[in-house]
Structure formats: structure tokens, C-alpha cells
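Student: Sequence plus the predicted model coming up.
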Amino acid sequence: MKLSTRCRYGIHAMVDLAQHYGQGPQSLREIAERQEVSEMFLEQIFGALRREGFVESVRGAQGGYLLAKPPGEITIGALMRLLDGPILMADCMAEGGGGCNRSEGCPSKAAWARLTRYFNQMADSITLEDMLSDEESDKE
């Protein structure tokens, strides 16, 4: 499993907003500069984040983006599913099956299902706040 560039950049931008939580709106330009990402690319990502209620936009000269919820309430799993789609270990885990013509009776399918479930649980247990805490403990 490999995260898309869109997902990685989106999570980095959300961690950036978490670092500035409570400091007012952050402009897309500032976030893009701090994260060394194209502002146009972030604009597309933030459109999806706003539509799904992860960020709020503030208009005006002092406008920008804010987290819509505290960092401890936004999970990496939720962000990954929004930005990359379902987190699956194999194509046969997708709704409606697909992927492999041996899906029925496949000896590996139960393992893929278990891994998919465990990975989703783990991703849903990690919040933006956890990522900030992990970053701080890495500096010590």
C-alpha cells in the first residue's frame, strides 16, 4: 500500500494547521510555503477538506483556513479515506469485490480482510494531535 502525493500533502497541510490551531486563519500561500507544496495543488485538496467539514475557510484580507474541529478529533484514517478512498490491502476487499477472478474461495482473502480491518483501526486511532505529540517527542 502506498499513499498518493495528494494524501501525503493533504495530511502535511492538516498537521500544519494543527500546529497553528488557535492562532487564526492560515493563508493557503503560507501553508504552501511552509510545506514546500504548490499552492494550486493545495487549493484542490482544501476544497475536498472543506466540503467534508475538516477545515473552514475565512474570507477577507486576514482570511485563510482553520481546522473545523480540534486536532484531537481529526484522525489520519478519516483524512486518508477522504483523499485516497477506502484503505484496502487488496482489490478484492472493495465493495462489490473485483480485482481477482479467484476471489471466491481464496485462501488469502481472510488475511487481507484482517489486515485491512487492523490498518483502518490503527489509522483511526491516530489524530493530528498525536502527530504533533510524536513530532515533539522525536525532537527530544
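Tutor: Sure, I can see it. Numbering: from 1, shown residues only.
Student: So Glu56 lies in a strand, does it not?
Tutor: Yes. Per DSSP: H, G, I helix; E, B strand; the rest coil, Glu56 lies within a strand segment.
Student: That one and Gly64 touch, don't they?
Tutor: No. Assessed by C-beta atoms under 8 Å, Glu56 is found out of contact with Gly64, at 9.8 Å. Any C-beta I mention is one placed from the backbone N, CA and C, and that applies to glycine too.
Student: show me the contacts for Val55.
Tutor: For Val55, the contact set (C-beta atoms under 8 Å, 6 or more residues apart in numbering) comprises 14, 17, 46, 49, 65-68.
Student: Pipe those into JSON lines and attach distance to Ala78, neighbour count and secondary structure per row.
Tutor: Output for the contacts of Val55, formatted as JSON lines (distance: C-beta to C-beta, whole Å; neighbours: other C-beta atoms under 10 Å; DSSP: H, G, I helix; E, B strand; the rest coil):
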{"residue": "Met14", "distance to Ala78": "10", "neighbour count": "25", "secondary structure": "helix"}
{"residue": "Leu17", "distance to Ala78": "15", "neighbour count": "24", "secondary structure": "helix"}
{"residue": "Phe46", "distance to Ala78": "16", "neighbour count": "22", "secondary structure": "helix"}
{"residue": "Leu49", "distance to Ala78": "11", "neighbour count": "25", "secondary structure": "helix"}
{"residue": "Tyr65", "distance to Ala78": "17", "neighbour count": "25", "secondary structure": "strand"}
{"residue": "Leu66", "distance to Ala78": "17", "neighbour count": "18", "secondary structure": "strand"}
{"residue": "Leu67", "distance to Ala78": "13", "neighbour count": "20", "secondary structure": "strand"}
{"residue": "Ala68", "distance to Ala78": "12", "neighbour count": "16", "secondary structure": "coil"}
